[in-house]
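Colleague: Need coordinates for the following:
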Amino acid sequence: MFKYLISINPLGFMYGSAGAFLSPENLVGRSGAKFPPEASTLSGLIFSISKTTGQFPQTELRDNLYVTGPFWAKSNNKQNFYIPIPWHKIISKKGIGEWQIENGEWQLEKDIEKPEPDYRWQTIDSWKTSSKGLKASKSIADSPWKFVSFLHPKIQQSERCVEKSDGLFLENSVQIPDDICLVYLSTYPIDNGWYRFGGENHIVEISCDKLNQKTVDILNQPIGKSFALITPGIWGSNRISYRQPQHDNFPETMQMLTDKPVPYRYRSQGTLGRGRYAVPAGSVYVLKEPINKPWWEWDEAWFPKEGYSLKKVGCGLCLPVEIKGVA
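Modeller: Predicted coordinates for the structure are as follows:
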């Protein structure tokens with residue numbers, strides 16, 4: 001199981017990617033905007049650092065390093081970090097509601113004026129709290145970061161003037177409040193310090209702490225007939241993406257609550273992996289049969305393998321949920 005909580009504090013702006021699949025529209029807008037960086041970014045950093053310092057053999061990391069995220073936390077309470085709210089819970093400023101199963105179909109338990117949620121994150125300690133309880137508590141939040149777009153000048157080599165042709169380019173950056181940090185979980189530690197992190201190599205401050213036992217116990221809950229993803233899920237072959245694992249011994253998916261797929265891409269062994277689509281975090285699954293094992297004990301054959309198993313970068317980390325109508 002994960003042993004370490006790794007927190008990342010950007011020193012200034014971070015780069016907000018316009019998605020793994022770029023187009024002229026994406027370069028000047030935020031279509032498919034993707035933030036925070038995937039767990040594979042931190043995994044690559046740990047490999048790179050260990051290769052330089054020799055702290056851990058590369059073969060050991062290849063076999064035993066597992067990283068998951070992204071999550072976020074308030075800097076003064078990192079252990080109770082925020083994870084995505086399951087999508088069967090709708091919590092808006094105007095009301096609350098929960099989806100339930102009736103006659104084999106999804107039905108909204110309560111009508112609210114605005115069915116779209118205003119809050120998308122909850123603390124991990126409040127995982128089993130009802131929608132009503134979450135609404136009354138301070139355990140929910142919306143994304144704390146803000147996207148900021150600004151123009152960069154491309155300077156001539158001989159003088160400090162902008163190039164006459166294509167002299168400006170747009171960058172989508174992300175501003176994170178000073179009291180907020182990004183959070184990832186890992187089976188291996190990283191030394192505290194300043195590092196270059198993410199696609200644009202922005203400087204960040206990284207801290208590593210032992211993961212508390214309460215969180216380990218929450219992550220070790222066995223998955224029954226219903227669960228929700230807290231990280232994006234990539235299933236299927238290394239060429240085709242599916243909504244659920246394509247393996248004979250994975251139970252049949254009876255119902256899902258999800259949204260459009262999100263782009264996913266990562267580097268493995270110095271090369272950029274194939275562009276894939278992932279089931280977004282928060283998606284809810286209802287299975288025909290219970291799995292009765294925590295995510296950590298899931299068969300690695302259920303996960304695609306591209307260079308190494310995507311389970312090692314936290315693919316589809318999930319927790320059990322209770323849904324009315326699911327026996």
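Colleague: By mean pLDDT, flag the weakest helix or strand of the protein.
Modeller: helix 24-27 (a mean of 46; mean pLDDT, DSSP states H and E).
Colleague: What is the helix or strand just after that one packed up against?
Modeller: Where DSSP states H and E defines the elements, the next helix or strand beyond helix 24-27 is helix 39-53. Contacts defined by 3 or more CB pairs under 8 Å, 6 or more residues apart in numbering; DSSP states H and E place helix 39-53 against helix 58-64, strand 67-74, strand 180-186, strand 193-197, strand 267-268. Heads up, the C-betas are built off the backbone N, CA and C, glycines and all.
Colleague: Would you mark the buried spots in helix 39-53?
Modeller: Neighbour counts over helix 39-53 (16 or more other CB atoms under 10 Å) mark 39-47, 49-50 as buried.
Colleague: Out of the residues you listed, flag the one nearest to L229.
Modeller: A39 (13.2 Å; CB to CB).
Colleague: Quick one: the helices in the stretch 101-250 of the chain, in order.
Modeller: 131-136, 213-219 (DSSP state H, counting those that start in this stretch).
Colleague: Could you dump these into JSON lines with mean pLDDT, distance to D299 and mean neighbour count added?
Modeller: Below are those laid out as JSON lines (pLDDT from 0 to 100; distance: least, CB to CB, whole Å; neighbours: other CB atoms under 10 Å):
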{"stretch": "helix 131-136", "mean pLDDT": "90", "distance to D299": "33", "mean neighbour count": "16"}
{"stretch": "helix 213-219", "mean pLDDT": "97", "distance to D299": "18", "mean neighbour count": "14"}
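Colleague: Output those as TSV; include the columns distance to I91.
Modeller: Listed next are these as TSV, based on distance: least, CB to CB, whole Å:
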stretch	distance to I91
helix 131-136	5
helix 213-219	20
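Colleague: okay, now K93: neighbour count?
Modeller: Neighbour count of K93, defined by other CB atoms under 10 Å: 11.
Colleague: residue ranges with poor pLDDT in the stretch 151-300 of the chain?
Modeller: In the predicted model, the stretch 151-300 of the chain carries pLDDT under 70 at residues 151-153, 160, 166-172, 199-200, 237-239, 266-275.
Colleague: still on that earlier bit, now the helices and strands packed on helix 39-53 as a markdown table including distance to I203?
Modeller: As requested, these are exported to a markdown table (distance: least, CB to CB, whole Å):
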| stretch | distance to I203 |
| --- | --- |
| helix 58-64 | 24 |
| strand 67-74 | 18 |
| strand 180-186 | 14 |
| strand 193-197 | 6 |
| strand 267-268 | 20 |
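Colleague: export the ones you listed to JSON lines and tack on distance to Y119 and mean neighbour count?
Modeller: Formatted as JSON lines, these follow (distance: least, CB to CB, whole Å; neighbours: other CB atoms under 10 Å):
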{"stretch": "helix 58-64", "distance to Y119": "36", "mean neighbour count": "12"}
{"stretch": "strand 67-74", "distance to Y119": "14", "mean neighbour count": "23"}
{"stretch": "strand 180-186", "distance to Y119": "16", "mean neighbour count": "24"}
{"stretch": "strand 193-197", "distance to Y119": "27", "mean neighbour count": "15"}
{"stretch": "strand 267-268", "distance to Y119": "33", "mean neighbour count": "16"}
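Colleague: who wins for proximity to K94 among these?
Modeller: So among the helices and strands packed on helix 39-53, strand 67-74 is nearest, using CB to CB, at 25.1 Å.
Colleague: ok, and what's touching the helix or strand just after that closest one?
Modeller: Moving toward the C-terminus from strand 67-74, the next helix or strand (DSSP H and E) is strand 82-84. Strand 82-84 is contacted by residues 71-73, 120-124, 127, 141, 183, 228-230, 281-282 when judged by CB atoms under 8 Å, 6 or more residues apart in numbering.
Colleague: Can you pull out the residues in contact with the following helix or strand past strand 82-84?
Modeller: Next in sequence after strand 82-84, counting helices and strands by DSSP H and E, comes strand 89-92. Identification of contacts with strand 89-92 by CB under 8 Å, 6+ apart yields 85, 96-99, 108, 112-119, 131, 134-135, 140.
Colleague: go on, stretch 210-228?
Modeller: With CB under 8 Å, 6+ apart, stretch 210-228 has contacts from 1-5, 79, 84, 86-88, 124-125, 127, 185, 251, 282-296, 317-323, 326-327.
Colleague: Can you measure across it, start residue to end residue?
Modeller: With CA to CA, to the nearest Å as the measure, stretch 210-228 spans 25 Å from end to end.
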